[in-house]
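Coordinates only, no sequence provided:
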């Protein structure tokens with residue numbers, strides 16, 4: 001997805017095509033299950049809840065993160081997103097799902113909040129480098145908004161994690177949950193793409209970009225199904241912490257593949273994010289438990 005921003009692909013169009021893969025693949029599987037007399041869709045209430053959060057994810061999560069990638073880069077966007085995601089997941093899991101939060105996890109969340117501040121400071125240098133590469137004047141406000149967009153995306157993903165955990169620990173199967181959430185990407189983003197680009201420009205997308213979008217969709221399908229199955233077996237904060245192991249990989253990829261500047265602020269923010277992720281305790285280690293309200 002970062003490479004698509006370097007190719008100046010429209011962020012909404014890129015997310016639309018990435019999201020298209022999951023409902024096509026899983027939709028075919030659900031139809032096959034229904035033909036065998038094994039319907040897999042959840043109750044109406046669960047469908048409405050997943051569809052609502054799916055709309056929010058597409059508009060305030062996926063599009064914001066994709067835009068942020070083109071403004072402040074991979075090395076800043078991913079740590080900022082996961083810092084907000086883990087922090088928000090801990091709060092939502094604690095107050096909505098009644099999950100325990102130990103003193104150690106609270107300390108880790110504080111580290112993640114500090115890492116967001118460091119990444120925000122380092123975003124200006126990264127944003128300037130990207131702006132110069134794109135032959136456009138740097139804009140400090142846009143860079144700050146880029147970090148804010150990544151944080152907003154992370155907060156929305158935290159809500160998604162909580163909703164998915166609630167759904168799949170009740171009556172919803174992981175394939176059905178993945179289908180409904182990603183289907184909202186087609187429903188919401190399709191009309192926006194048509195309005196922004198028009199059909200001729202959409203069809204003029206270079207094959208190389210289409211290939212990257214579909215590849216991203218396949219990886220998204222695998223990762224999303226893995227995350228949902230993980231949420232069946234552990235708490236939101238722990239699942240998000242394990243999922244955030246990609247923070248260090250994203251920072252390295254940003255520097256090596258896209259020549260994003262490894263400033264002291266960015267490196268400090270990434271290191272603090274990684275340390276906060278490692279410091280969060282596993283559910284079985286959470287001994288300093290806060291009783292649910």
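Arrived safely, thanks for sending. What you are looking at is a predicted structure, and each value in this text was computed from that prediction instead of being measured. Numbers count the residues shown, from 1 in each chain.

where does residue 262 land in three-state SS?
coil (DSSP: H, G, I helix; E, B strand; the rest coil).

pLDDT at it, what is it?
Looking at residue 262, its pLDDT is 74.

Ok, residue 127 next?
65.

cool, and the one 4 residues further on?
In the prediction, the pLDDT value recorded for residue 131 is 66.

just residue 69 next, same as before
For residue 69, the model assigns a pLDDT of 86.

who's in contact with the helix or strand containing it?
For residue 69, the element it lies in under DSSP states H and E is helix 63-72. If you take CB atoms under 8 Å, 6 or more residues apart in numbering as the criterion, helix 63-72 is touched by 1-2, 4-6, 11-12, 14-15, 76-77, 80-81, 123, 126-127, 130, 142-143, 145-147, 149-150, 152-153, 156, 189. All C-beta atoms are positioned from the backbone trio N, CA, C, and that covers glycine.

For it, what is the distance to the chain centroid?
How far helix 63-72 lies from its chain's middle: 11 Å, per CA atoms, centre = their mean, to the nearest Å.

mind checking the SS state of residue 9?
With three-state DSSP as the basis, residue 9 sits in coil.

In contact with it, which residues are there?
So residue 9 contacts 205, 209, 213 (CB under 8 Å, 6+ apart).

Would you map the helices across the stretch 151-293 of the chain?
174-197, 199-203, 207-231, 236-243, 246-258, 264-279 (DSSP state H, counting those that start in this stretch).

Worst mean pLDDT among these?
Minimum mean pLDDT among the helices of the stretch 151-293 of the chain: helix 236-243, a mean of 70.

And for the closest residue in space to residue 79 that isn't next to it in sequence, the neighbour number?
Spatial nearest neighbour of residue 79, chain neighbours left out: residue 273 (4.5 Å); criterion: CB to CB, 6 or more residues apart in numbering. Applying other CB atoms under 10 Å, we find 27 residues neighbouring residue 273.

Isn't residue 273 up against residue 247?
Yes. If you go by CB atoms under 8 Å, residue 273 and residue 247 touch, sitting 5.1 Å apart.

between the two, what contacts are shared?
79, 82.

so which of the helices of the stretch 151-293 of the chain gets nearest residue 103?
helix 264-279 (11.1 Å; CB to CB).

in the closest one, what counts as buried?
Within helix 264-279, the residues scored as buried using 16 or more other CB atoms under 10 Å are 265-266, 268-274, 276-277, 279.

same check, this time on stretch 20-36
In stretch 20-36, counting by 16+ other CB under 10 Å, buried: 20-23, 25-26, 30, 33.
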